[in-house]
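Undergrad: Would you be able to build a 3D model of this:
(one chain, ligands or ions: 3)
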Amino acid sequence: MEKKYETKNIFLVGLMGAGKTTVGRMLSRRLGLDFVDSDREIESRTGVNISTIFEIEGEEGFRKREARIIKDLTALNGYVLATGGGVILHEENRKNLQKNGFVVYLNAPPHVLWERTRNDKNRPLLKVKDPLQKLQELFVSRHPLYQEVADFVVNERRGNIRSVVQLLVKEVSERWNR
Ligand SMILES: Nc1ncnc2c1ncn2[C@@H]1O[C@H](COP(=O)(O)OP(=O)(O)OP(=O)(O)O)[C@@H](O)[C@H]1O
Ligand SMILES: O=C(O)C1=C[C@@H](O)[C@@H](O)[C@H](O)C1
Ligand SMILES: [Mg+2]
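TA: Ligands and ions are numbered 1, 2, ... in the order given. Okay, the predicted model is just below:
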């Protein structure tokens with residue numbers, strides 16, 4: 001068995017609205033694992049929301065906090081971790097993810113992500129005049145990094161969260177039972 005599968009962890013990566021939190025929570029229940037969301041963990045450690053961290057410390061300050069949390073969370077065992085959309089920007093994060101668990105890229109085209117996120121307010125990078133264009137730019141710059149870090153890629157399945165969860169249950173069960 002590959003060394004990384006000695007730990008039972010699943011790390012979900014992908015852009016804002018890809019379904020990391022929704023899929024992650026459901027998947028953890030199905031597999032009897034714990035669930036943690038790195039954005040929520042940053043908020044509970046700091047006591048403020050993500051937007052406030054961006055306002056006070058800028059994106060750079062947020063990324064430093066994120067890297068510390070990712071280091072801590074990837075060192076655990078038995079977790080489904082929903083990461084923040086920009087986690088793959090730091091090489092250290094990519095290494096920690098790859099080393100310690102099964103990394104899944106939830107991929108969906110920018111217009112789908114835009115539909116899913118347009119009514120939410122706590123995504124500072126999308127507080128711009130044209131959030132769809134912003135998502136398109138982020139997709140172009142990040143897609144190769146998500147691909148690079150991923151052990152498995154889920155392409156958009158026409159709005160069906162359950163089928164994504166089902167597919168992932170099958171994939172990890174095959175790996176972990178080897
Ligand atoms: N495969 C899917 N089909 C349909 N709707 C979905 C799918 N995945 C997620 N959604 C919906 O899209 C919205 C955003 O999903 P979610 O919050 O899980 O994304 P996220 O990847 O955690 O985003 P962020 O990086 O901003 O935290 C939710 O309302 C969720 O129900
Ligand atoms: O895509 C991003 O860079 C981000 C996504 C969110 O999950 C948060 O981590 C934050 O809003 C930044
Ligand atoms: Mg989320």
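Undergrad: Might one say that L135 is in contact with L126?
TA: Yes. Assessed by CB atoms under 8 Å, L135 is found in contact with L126 at 7.3 Å. Just so you know, the C-beta spots here come from the backbone N, C-alpha and C atoms, and that holds for glycine as well.
Undergrad: more crowded one of those two?
TA: L135 (25 against 21; other CB atoms under 10 Å).
Undergrad: Point out the residues in the protein that sit beside ligand 1.
TA: 14, 16-22, 39, 82, 85, 116, 123, 157, 159, 161, 164 (CB under 6 Å from any ligand atom).
Undergrad: what about 5 Å?
TA: M16, G17, A18, G19, K20, T21, T22, G85, R116, G159, I161 (CB under 5 Å from any ligand atom).
Undergrad: which residues does R65 contact?
TA: I42, R45, T46, I53, E57 (CB atoms under 8 Å, 6 or more residues apart in numbering).
Undergrad: Can you report how many residues neighbour the first one?
TA: In other words, I42. Applying other CB under 10 Å, we find 20 residues neighbouring I42.
Undergrad: show me what contacts it?
TA: I42 sits next to I50, I53, F62, R65, E66, I69, G84 when contact means CB under 8 Å, 6+ apart.
Undergrad: Report pLDDT for it.
TA: The confidence metric pLDDT takes the value 98 at I42.
Undergrad: that older thread, the contacts of I42: which ones sit near ligand 2?
TA: Answer for these near ligand 2 (CB under 5 Å from any ligand atom): I50, G84.
Undergrad: out of the contacts of I42, which are inside helices?
TA: For these, the ones inside helices are I50, I53, F62, R65, E66, I69, with DSSP state H as the criterion.
Undergrad: Tell me the most packed of these, by neighbour count.
TA: E66 (24 neighbours).
Undergrad: For that residue, which non-adjacent residue is closest in space?
TA: G84 (5.8 Å; CB to CB, 6 or more residues apart in numbering).
Undergrad: longest strand of the chain?
TA: Determined from DSSP state E, the single longest strand within the chain is strand 102-107.
Undergrad: What is that strand packed up against?
TA: The contact analysis (3 or more CB pairs under 8 Å, 6 or more residues apart in numbering; DSSP states H and E) places strand 102-107 against strand 10-13, helix 131-149, strand 152-155, helix 161-176.
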